[in-house]
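Colleague: okay, sequence plus prediction incoming.
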Amino acid sequence: MGLPKSHRLRDRGDYRAVYAQGIRRYSPHLTLFALAYRETKSTDSTPASSFGISISKKVSKKAVVRNRIKRQIKGVIRSHLQEIKAGWQIVIVVRPKAIECKYEHFLRELEELLKQAKIINGY
RNA sequence: AGAGUUGGCGAGGUGGUUGCAGAUUUGUCCUAGAGGCAGAUUUGAGGAAAGUCCGGACUCCCGAAAGACCAUACUUGCUGGAUAAUUCCCAGUGCGAGCGAUCGCGAGGAUAGUGCCACAGAAAAAUACCGCCUUUUCAAUGAGCAAUAAACAGCAACAACUGAUAAUUGAUUAGGUAAGGGUGCAAAGGUGCGGUAAGAGCGCACCAGCAGUAUCGAGAGGUGCUGGCUCGGUAAACCCCAGUAGGGAGCAAGGUCGAAGGGAUUAGGGUUGGUCUUUUUCCCAUCCCGACCAAGGAGAACCGCAUGAGGUGUUUGGUAACAAGCAUCCUAGAUAGAUAACUACCCUCGGAUUAUAAAUCACGAUAAUCUGAGAACAGAAUCCGGCUUACGUUUCAACUCUCUUG
RNA sequence: GGGUCAUUAGCUCAACUGGAUAGAGCAACGCCCUUCUAAGGCGUAGGUUUCAGGUUCGAGUCCUGAAUGGCCUG
């Protein structure tokens, strides 16, 4: 369950900026870094929020496992895309304990994290 | 029925909803682009995609192409075949393991040369410690009449002659020997008989090895005969022989995205680890002709990038690997890296209950209902051929051994 | 993705050309010294040489395969 390209974080520099300047929120299996987009240049519309997922080989040696976790997280993000405010750059880091998690766990934890960071509308 | 060997198929299927990527296509927007947005159709991981252990294709660099010799590299190393190529594959030979089906093998040369074989042992490749035998000299021993023979005995007596050119032991000189001893992973072909001073392939028989020869085979080799007897192991030590190879880097190769080059000449220069030969005219060189300011922008952009030593079926040739012909199919192309979540039906397997035939019971069979599971190893990254490793369940074929029944 | 190197005691490293019982420093433990500690001295234990095969009389060393870890590369 991939994300549209406009919602992906693709630049190395973007990642570095988010790690360095963003806010952080933690949960047992995930870490969330988020940086509000610096707008005010000229413009009309704030760009859509973009996401990146980082998962290290320490979580699992197997590419199959890592890729599945990424897909599941992307799936969760996709299902919340309507509610998420625009103008954020967000990186989600998966922590080693997450191997045992299933789809519903990611769903709940990510909701919680987004609420804490006040990125989701209507909460 | 049990135990086993070898090889193969397969890696659940068909859909739906929400989404991602590619291709084709429709509409629409403007900044008019291989653009954005929305929709439709369709396609979307593996047998190992993995490890990166080999072999190639492809690309660039060392100007290019071809060749000779040398060097270098290669664990390439029984024979023949097959392939684009290989260390893979096929068929065979030899050796080894197994009752067998079958499996394994780095399987050239130690008689080209050099090295190494610790400790032990006399000696680790051609030596001699103990030992055995012959011999020189000396000494001792005791038997003996007598061993430095001026003696003694035999004969009636004396001389002559004869008896003693002997034996054993120790040391010593000169040799012979490799049977035996002990050491060791390994000791100079093995066992037996003869033979000899003692011994020894010194001779003979059998066995093993080597050489020669005959014969069979395409060959590795097989079989037979003859011969003299003989030569340790190690080449995954250097090496020798044979064979193969231009070297190096790797798709993160390499190329494109405005901007200059073209033509002629051959007298000269430039060549991959070295030397050299031939061809070319690639670059330099020389000469001639020609061009001149103009917008966008260099991004993990685009090409390379998927029609290929391709797949499937079939026919022919071949024991086979494989080759050739014909027909047919097009089947991933991402780049912070595309496959997930939920669900319907079918199928397969497991469990439970009930029923049926049968029945003393049990096991088992069939059907229905309910319920559970569909998993293991694992994710394309330029592409192919192999190898190796990982891998749950089910299943098919051929063959072997043992037991039981007939 | 591609290339390349390494693995020996808890840690850092030795062990030559294959030869025996694999060493050294630090750390650990015990004793001495000191009022006590540190330093110092003496001693002790600790090894499947990453794993599995092979060659060899003999392997940490040579060969093959596997595992793990590092480094380089736009």
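Modeller: That came through, no problem.
Colleague: residue boundaries of the helices in chain A?
Modeller: Along chain A, counting by DSSP state H, helices occupy A:12-21, A:63-79, A:103-116.
Colleague: for the closest residue to A:Ser54 other than its chain neighbours, what are its contacts?
Modeller: Among residues not flanking A:Ser54 along the chain, A:Val93 sits closest, at 4.8 Å (CB to CB, 6 or more residues apart in numbering). Just so you know, the C-beta spots here come from the backbone N, C-alpha and C atoms, and that holds for glycine as well. With contact set as CB atoms under 8 Å, 6 or more residues apart in numbering, A:Val93 has these partners: A:Leu30, A:Thr31, A:Leu32, A:Phe33, A:Ile53, A:Ser54, A:Ile55.
Colleague: who does the third one form a beta bridge with?
Modeller: Just to be clear, that refers to A:Leu32. Taking DSSP bridges as the rule, A:Leu32 bridges to A:Arg25, A:Ile92.
Colleague: same check, this time on the fifth one
Modeller: Here A:Ile53 sits in beta bridges with A:Ile92, as judged by DSSP bridges.
Colleague: shouldn't it be in contact with A:Lys74?
Modeller: Yes: with contacts counted by CB atoms under 8 Å, A:Ile53 reaches A:Lys74, the gap being 7.0 Å.
Colleague: for the two, list the residues in contact with both.
Modeller: What both A:Ile53 and A:Lys74 touch, as defined by CB under 8 Å, 6+ apart, is an empty set.
Colleague: which stretches of chain A aren't confidently modelled?
Modeller: A:1-6, A:10-13, A:37-48, A:97-104, A:118-123 (pLDDT under 70).
Colleague: that older thread, so which of the contacts of A:Val93 are also by RNA strand B?
Modeller: Residues of the contacts of A:Val93 in contact with RNA strand B (CB under 7 Å from any atom of the strand): A:Ile53, A:Ser54.
Colleague: what's the local residue count around A:Glu113?
Modeller: No Glu there; residue A:113 is Leu. The number of residues packed near A:Leu113 is 21, by other CB atoms under 10 Å.
Colleague: contacts only, for it.
Modeller: If you count contacts by CB under 8 Å, 6+ apart, A:Leu113 has them with A:Arg25, A:Ser27, A:Leu30, A:Leu32.
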